[in-house]
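>>> here is my input; please provide its structure:
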Amino acid sequence: VGSVSPAGRRRAGRRSAPATSTSMMLDGLVERIGDAMKTIGGVQRISEAAVEGTLKDVKRALLDSDVNLQVANRIVGGVKERAVGVEVTKGVTAEQQFVKLMYDELVELMGNGSTPLASHDDHTEKPTVVLMAGLQGAGKTTSAGKLALSIIGAGEGQT
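Below is the predicted model:
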């Protein structure tokens, strides 16, 4: 009987997420987007020609990962608009600059702000519904508990 390393031990009652086709697909997406970034090269100004091939690879990776066509087109179009003609900041590579531009586009697409949960002080309204979705082992239960504590804590000062 061999010993189990600390990294191999699990807490009692906690399941680890098995390798699923979804997690492998996400790993593949990250890898393919990373490979696509390398094609930009060491340029001082990001050109349309440099971006075109990279975005084609990014779009293909998104579509292969079951991202909706309209969403993929919006991401690619927004990144292209942001990237073409941008001077590469001193101290970073063109790939790093491009990743930042992709990040900015994704933040804008998903929403940059926060919206408070609806408050129903008179209890006549329907309750607020929160959907928690994610892969097994991704932390949905933990997040739901933290959300509940946050809501309870926000109501402590009210009577």
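
>>> can you pull the poorly scored residue ranges out of the chain?
Low-confidence segments of the chain (pLDDT under 70): 1-30, 33, 36-43, 118-125, 154-159.

>>> spatially nearest residue to residue 60 (excluding sequence neighbours)?
Computed as Cβ to Cβ, 6 or more residues apart in numbering, the closest residue to residue 60 that is not its neighbour in sequence is residue 32, at 7.6 Å. Glycine gets a C-beta too; all of them are placed from N, C-alpha and C.

>>> my read: the one you found touches residue 61, true?
Yes: if you go by Cβ atoms under 8 Å, residue 32 and residue 61 touch, sitting 3.8 Å apart.

>>> those two: which is more packed in?
residue 61 (20 against 17; other Cβ atoms under 10 Å).

>>> that one contacts residue 55, correct?
No: using Cβ under 8 Å, residue 61 makes no contact with residue 55, being 10.4 Å away.

>>> residue 116: what secondary structure?
On the three-state scheme (DSSP: H, G, I helix; E, B strand; the rest coil), residue 116 is labelled coil.

>>> quick one: which helix or strand includes residue 35?
Taking DSSP states H and E as the definition, residue 35 sits inside helix 21-37.

>>> do the same with residue 54
Using DSSP H and E, residue 54 falls in helix 48-64.

>>> mind giving me the packing neighbours of that helix?
helix 21-37, helix 69-83, helix 94-110 (3 or more Cβ pairs under 8 Å, 6 or more residues apart in numbering; DSSP states H and E).

>>> tell me the buried residues in that helix?
Residues of helix 48-64 classed as buried: 50, 51, 54, 55, 57, 58, 59, 61, 62 (neighbour count, 16 or more other Cβ atoms under 10 Å).

>>> and the furthest pair within the residues you listed?
Pairwise distances across the buried residues of helix 48-64 (Cβ to Cβ) peak at 19.0 Å, for the pair 50 and 62.

>>> quick one, what contacts the closest residue to residue 72 other than its chain neighbours?
Spatial nearest neighbour of residue 72, chain neighbours left out: residue 62 (4.2 Å); criterion: Cβ to Cβ, 6+ apart. Applying Cβ atoms under 8 Å, 6 or more residues apart in numbering to residue 62 gives the contacts 29, 71, 72, 75, 76.
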